[in-house]
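Participant: Predicted model and sequence below, questions to follow.
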Amino acid sequence: MAREIPYKIYLDESEIPTQWYNLRADMKNKPAPLLNPGTGKPLTAEEMSGIFCEELVKQELDNDTAYFDIPEEIREYYKTYRPSPVVRAYNLEKILDTPAHIYYKFEGNNTSGSHKLNSAIAQAYYAKKQGLKGVTTETGAGQWGTALSMACAYFGLDCKVYMVKVSYEQKPFRREVMRTYGADVTPSPSDKTSVGRKILAEFPGTTGSLGCAISEAVEDAVSHEGYRYVLGSVLNQVLLHQSVIGLETKTALDKYGVKPDIIIGCAGGGSNLGGLISAYMGQKLRGEADYRIIAVEPASCPSFTRGKFAYDFCDTGMICPLAKMYTLGSSFIPSANHAGGLRFHGMSTILSQLYHDGYMEAVAVEQTEVFKAAEQFARAEGILPAPESSHAIRAAMDEALKCKETGEAKNIVFGLTGTGYFDLKAYEQFNNGTMTDYIPTDEDLAAGLSRLPEVAG
Ligand SMILES: *Cc1c(COP(=O)(O)O)cnc(C)c1O
């Protein structure tokens, strides 16, 4: 008999996972390997180790080991903000007048304001362990850069952040948080790198993109001794670290005998969603249980729903490895009026393969609808959600409203990835009624997709 469910399900410190779960171990069709753009051959560990830390290269390439021990130093840091609560959205249920039971896993309880710290701390730890001087990275909305700055401060590493120019200008406070933790922050595209100078020459006045900032950060890392590049999403290693989200969620819900019917997460590069679904998708892949899993993306950057499953560059500068993923083309730059993160043109190779094989669904939502959901959620539940997270809220509310029509008491679980305190410009637009939706036309998308690299497979 299930116990009555509290508003917040808290776990004990000892229930923070001691191992990360590697979803790939249970996938029959493994995600396609990253390719060297020069040779068209799978990237070797040796080639990768010029860009990434050694231990992270091992994690990146390992499709078979199901569990990786979490080093005690990382767990110690996790304890400062984990376990994160699973919350029963009783108030939202009441407002929606739905028979559905809505739960969310809240990852916004740390200064970076998102789940990204889960991987930042792991990546900084391995860089330090390898004796490196520092790391370079890109940041879009700023959460990843902030998380990495925090992690680097903790382990005493140098941190260089290339921040997408539109965010750098819209979110000066984010920048100052990063600088407070000791990071060096540069708006991208910049004239600090040759790829940045080239992009500026080709697209003068561009507000930047994640793909472009990635190119700059990689170039900076490979051209400076003792530096490596780290990435906050998309990569297999990041999904591995983010599995703590899903492992904790399952531990918490199992205590009350709650089995999700639908699991929902927003999808930018796929790391929070990959993490949230990890334990459940594992069961689904092993044929032990079934769940509906829904990825939610912005209609302005619709990689899953309107992209192509193909090899593509991860960056605009076309210097990074090729990944087989759902992509809009590495030259795709989402419209500047798109408020939140979730601006990346591609998607995790793991989630791309799972979507391709029919293990999950995807929906695209428009930004004013997303902010309507954010507003309702904030008023009901008290938390001011990040615009990214609000994509998941929108889809969860839509599913709960369907339950109202059918009278079904489904269990809906979604990932509340972070808070929106640095997104108030977007909230201002929404509140003033000046927010617009830009949905790319088929011609817009065809332009990016026509420039996909030619690769066999
Ligand atoms: C970065 C970010 C996302 C999207 O990234 P994923 O890798 O797709 O998870 C979602 N929500 C918040 C709050 C973020 O900071």
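Facilitator: Yep, that arrived. Numbering: from 1, shown residues only.

Participant: Mind checking what secondary structure T111 has?
Facilitator: Of the three states, T111 takes coil according to DSSP: H, G, I helix; E, B strand; the rest coil.

Participant: wait, what's in contact with it?
Facilitator: T146, M150, V177 (CB atoms under 8 Å, 6 or more residues apart in numbering). C-betas here are computed from N, CA, C, even on glycine.

Participant: ok, it to the ligand distance?
Facilitator: Applying CB to the nearest ligand atom, to the nearest Å, the value for T111 to the ligand is 13 Å.

Participant: again, but for E54
Facilitator: Distance from E54 to the ligand, by CB to the nearest ligand atom: 23 Å.

Participant: re the thing from before, okay, and which of the contacts of T111 map to helices?
Facilitator: T146, M150, V177 (DSSP state H).

Participant: circling back to that earlier point, tell me which of the contacts of T111 is nearest to Y67?
Facilitator: M150 (26.3 Å; CB to CB).

Participant: Apart from its neighbours in sequence, what residue is nearest the residue positioned nearest the centre of the chain?
Facilitator: The residue lying closest to the centre of the chain (CA atoms, centre = their mean) is S271, at 3.9 Å. Nearest residue to S271, sequence neighbours excluded (CB to CB, 6 or more residues apart in numbering): S233, at 4.2 Å.

Participant: what about the one you found, helix or strand, and which?
Facilitator: Assessed by DSSP states H and E, S233 sits outside every helix and strand.

Participant: Next, count neighbours for it.
Facilitator: For S233, the neighbour count with other CB atoms under 10 Å is 27.

Participant: partner strands of the one helix or strand F414 maps to, parallel or antiparallel?
Facilitator: F414 belongs to strand 411-416 when assigned by DSSP H and E. Using DSSP bridges, the strands paired with strand 411-416 in its sheet are strand 101-106 (parallel), strand 262-266 (parallel).

Participant: is the helix or strand just after the longest one up against the ligand anywhere?
Facilitator: Stepping forward along the backbone from strand 101-106, the first helix or strand reached (DSSP H and E) is helix 117-129. No: under the criterion of CB under 6 Å from any ligand atom, helix 117-129 makes no contact with the ligand; the nearest approach is 9.0 Å.

Participant: pLDDT on helix 117-129, on average?
Facilitator: The average pLDDT within helix 117-129 is 98.

Participant: repeat for stretch 391-401
Facilitator: 98.

Participant: in it, what's buried?
Facilitator: H391, A392, I393, R394, A395, A396, M397, D398, E399, A400 (16 or more other CB atoms under 10 Å).

Participant: quick one on the thing from earlier: who wins for proximity to the ligand among the strands paired with strand 411-416?
Facilitator: The ligand lies closest to strand 262-266 among the strands paired with strand 411-416, at 5.1 Å (CB to the nearest ligand atom).

Participant: Next secondary structure after the closest one?
Facilitator: helix 271-285.

Participant: Buried residues, that next one. List them.
Facilitator: Buried residues in helix 271-285 (16+ other CB under 10 Å): 271-282, 284-285.

Participant: Run the chain-centre distance for it.
Facilitator: 13 Å (CA atoms, centre = their mean, to the nearest Å).

Participant: Identify each buried residue in stretch 101-110, please.
Facilitator: Result for stretch 101-110 [16+ other CB under 10 Å]: buried residues H101, I102, Y103, Y104, K105, F106, E107, G108, N110.

Participant: on that earlier part again, can you put the buried residues of helix 271-285 in CSV and add pLDDT and distance to the ligand?
Facilitator: Shown next, in CSV, are those (pLDDT from 0 to 100; distance: CB to the nearest ligand atom, whole Å):
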residue, pLDDT, distance to the ligand
S271, 97, 3
N272, 98, 3
L273, 98, 6
G274, 98, 8
G275, 98, 8
L276, 98, 9
I277, 98, 11
S278, 98, 13
A279, 98, 17
Y280, 98, 16
M281, 98, 15
G282, 98, 18
K284, 98, 20
L285, 98, 20
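
Participant: And P17, how close does it get to A323?
Facilitator: For P17, the distance to A323 (CB to CB, to the nearest Å) stands at 27 Å.

Participant: Also I102?
Facilitator: As judged by CB to CB, I102 and A323 stand 34 Å apart.

Participant: Please apply the same query to F430.
Facilitator: Counting by CB to CB, the gap from F430 to A323 is 34 Å.

Participant: neighbour-wise, which of these two wins?
Facilitator: Between F430 and A323, counted using other CB under 10 Å, A323 has the larger neighbour count: 25 against 20.

Participant: Just say helix, strand or coil for the more buried one.
Facilitator: A323 - assigned by three-state DSSP - is strand.

Participant: In contact with it, which residues?
Facilitator: A32, L34, L35, V234, Y311, D312, C314, G346, T349.

Participant: how far away is the spatially closest residue to the third one that is not a sequence neighbour from the ligand?
Facilitator: The spatial neighbour of L35 that comes closest, neighbours along the chain excluded (CB to CB, 6+ apart), is L322 at 4.2 Å. Between L322 and the ligand the distance is 19 Å, computed by CB to the nearest ligand atom.

Participant: wouldn't L322 be in contact with P37 here?
Facilitator: Yes: using CB atoms under 8 Å, L322 is in contact with P37, at 5.5 Å.

Participant: anything in contact with each of the two?
Facilitator: With CB under 8 Å, 6+ apart as the test, L322 and P37 both reach F313, P453.

Participant: Between these two, which is the more surrounded one?
Facilitator: With neighbours defined as other CB under 10 Å, L322 and P37 compare such that L322 has more, 24 against 16.

Participant: show me the contacts for that one.
Facilitator: L34, L35, N36, P37, Y311, D312, F313, C314, P453, V455.

Participant: Among these, name the least confidently predicted one.
Facilitator: V455 (80).

Participant: and that residue, what element?
Facilitator: Using DSSP H and E, no helix or strand contains V455.
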